[in-house]
Structure formats: C-alpha cells, structure tokens
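Asks: Fold the following, please.
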Amino acid sequence: MEEPFRIRRKILRSRDHDRKTGHWDWFGHMGAFPGFLTRTVAVPQPNICFRNNKPVDGPSSIWSDAILYILQKFEERGAPKAKTKKWEGRWWDLWNTLDFVAMGDRVLVTDPSLQVPFRDASEITLTVAIKVRFLPPRV
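Replies: Below you'll find the predicted structure:
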C-alpha cells in the first residue's frame, strides 16, 4: 500500500508543481480567492504539511520558503542546549533589529526583515561561561 503523501503527490503532479527548497523535496498547490493567496506545502520527508494564507498583497510563496528554511535549520542543529537558550531574544538599535535564536550549541543571529532569515545567518559559538548583565539606559 502506498503512503498517503505518495498518492497525493501523483494526483497533484499533473496540474501543480514539484519543488525543492534547501535539501527538502516538496509538492503543493498555490491558489487564490478574492483578496487572498494561499499556498499548501507537503514535505514527504520529514512528514510536514502546512498551508499559508495571506492577503493578496502578501508574499505567500516567499514566506512558505522561509518557513521551510527555518524548519530545516532546526532539523540540522536540533533543540537549543541550556547554555545557548539564555542567549535567545530580539535586539534593537536605531537602524536594525536582530534576532538571536539558539539552535543546538550555537546561537544564530539573523535579521527578521530578510525574506529567508536563516539562509545566511551569522553564528555565535559559546566557548566559555560568562556573566552578562544588561543595564537600563541612563537618562
């Protein structure tokens, strides 16, 4: 008996498209109804399926690719370790916003305004235990 994903893939293949994002093969469908775009993505391995609904001016295909890249990074690196978990957060200055996201034994630094934020993320490797204290700004 065939897996449900394989059966569905045969049905969709004739009118929709097969794709590859990063190292994952996926198939799906993009559609629209008044005022909205929708994209359904099915990834046979590791058995993920999601639908992304956005207003017609929202980039649903770009955001779907970004979701796949984020999930792939977590699959590659794993859950954050205790020492890196403390470094998670969002940081702002006058010109930019940065997200620090712990994955495995590293912290990825990314700009959340990028279309695919983890594709070219910088990495921080924690090598020694340090104590960091953040003070409120002086007035």
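Asks: Got the confidence number for P34?
Replies: P34 carries a pLDDT value of 87.
Asks: List the buried residues of stretch 112-126.
Replies: V116, P117, F118, A121 (16 or more other Cβ atoms under 10 Å). Glycine gets a C-beta too; all of them are placed from N, C-alpha and C.
Asks: Show me what the top strand by length along the chain is packed up against.
Replies: For the chain, the longest strand by residue count, based on DSSP state E, is strand 24-33. Under the contact criterion of 3 or more Cβ pairs under 8 Å, 6 or more residues apart in numbering; DSSP states H and E, strand 24-33 touches helix 4-13, strand 17-21, strand 36-43, helix 60-77.
Asks: now those in JSON lines, with distance to R106?
Replies: JSON lines is the format used below for these (distance: least, Cβ to Cβ, whole Å):
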{"stretch": "helix 4-13", "distance to R106": "32"}
{"stretch": "strand 17-21", "distance to R106": "22"}
{"stretch": "strand 36-43", "distance to R106": "24"}
{"stretch": "helix 60-77", "distance to R106": "7"}
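Asks: Those into a markdown table, with extra columns for distance to D111 and mean neighbour count?
Replies: Output for the helices and strands packed on strand 24-33, formatted as a markdown table (distance: least, Cβ to Cβ, whole Å; neighbours: other Cβ atoms under 10 Å):
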| stretch | distance to D111 | mean neighbour count |
| --- | --- | --- |
| helix 4-13 | 34 | 13 |
| strand 17-21 | 20 | 13 |
| strand 36-43 | 23 | 18 |
| helix 60-77 | 12 | 18 |
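Asks: Ranked by average pLDDT, which of these falls at the bottom?
Replies: Lowest mean pLDDT within those: helix 4-13, at a mean of 54.
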